[in-house]
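Visitor: the sequence and its predicted three-dimensional model are supplied below.
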Amino acid sequence: MKLEHIGIAVSDVKAARDLFLLVFGASPYKTEDVISEGVRTYFYDAGSVKLELLESISPDSAIERFIQKHGPGLHHLAFAVDDAASDYERLGALGLQVLGDAPKPGADGKIIFFVHPKDTLGVLMEFCGDQLPNF
């Protein structure tokens, strides 16, 4: 398992993109809407890990609720796994609160699930594997 990306919730995506351009000299290599989650993602290559800006595109999205409660900033750490379904079951069996009924399609062609931050030292953790062919 390795760190795959760091998710950062933003309330002003233009300012965030301008900052990344200023600091890193980079624009996103990929932008994608995940309609089911009400989010637009902007992926940046940061060497061995990606940075993902998360912009709410729905007033009732999890990202919008996060920003309203905590403000913009670090949202989650995402870890690459070989088999998201297997890890979903394994972590649930260990007593961790996995969110959702099963892994689901996410951004960047991945199948994903999250573990509640109350069980992971206050940090929301995402686990992402390669997309399954039947999604």
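Guide: Great, that's in hand.
Visitor: any idea how far residue 117 lies from residue 69?
Guide: 12 Å (Cβ to Cβ, to the nearest Å). C-beta: built from backbone N, CA, C; applies to glycine.
Visitor: quick one, which of those two is more surrounded?
Guide: A direct count of neighbours by other Cβ atoms under 10 Å for residue 117 and residue 69 places residue 117 higher, at 14 against 7.
Visitor: you'd agree that one is up against residue 97?
Guide: No. The pair residue 117 / residue 97 is not scored as a contact, 9.3 Å apart, by Cβ atoms under 8 Å.
Visitor: against residue 99, how distant is residue 119?
Guide: 10 Å.
Visitor: correction: residue 57
Guide: Applying Cβ to Cβ to residue 57 and residue 99 gives a distance of 20 Å.
Visitor: what about the helices in the protein?
Guide: All helices of the chain, identified by DSSP state H, fall at 13-24, 62-70, 84-93.
Visitor: CSV for these, including mean pLDDT and distance to residue 38?
Guide: Formatted as CSV, the helices of the chain follow (pLDDT from 0 to 100; distance: least, Cβ to Cβ, whole Å):
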stretch, mean pLDDT, distance to residue 38
helix 13-24, 96, 14
helix 62-70, 96, 7
helix 84-93, 96, 21
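Visitor: spit out the contact partners of the residue of the chain most remote from its centre.
Guide: Here the chain reaches farthest from its C-alpha mean at residue 22, the gap being 23.3 Å by Cα atoms, centre = their mean. Applying Cβ atoms under 8 Å, 6 or more residues apart in numbering to residue 22 gives no contacts.
Visitor: tell me which residues are up against stretch 107-114.
Guide: 30, 32, 34, 39, 41, 43, 50, 52, 76, 78, 84-85, 87-88, 98-100, 102-106, 124-132, 135.
Visitor: how about that stretch: buried residues?
Guide: Within stretch 107-114, the residues that count as buried by 16 or more other Cβ atoms under 10 Å are 107, 108, 110, 111, 112, 113, 114.
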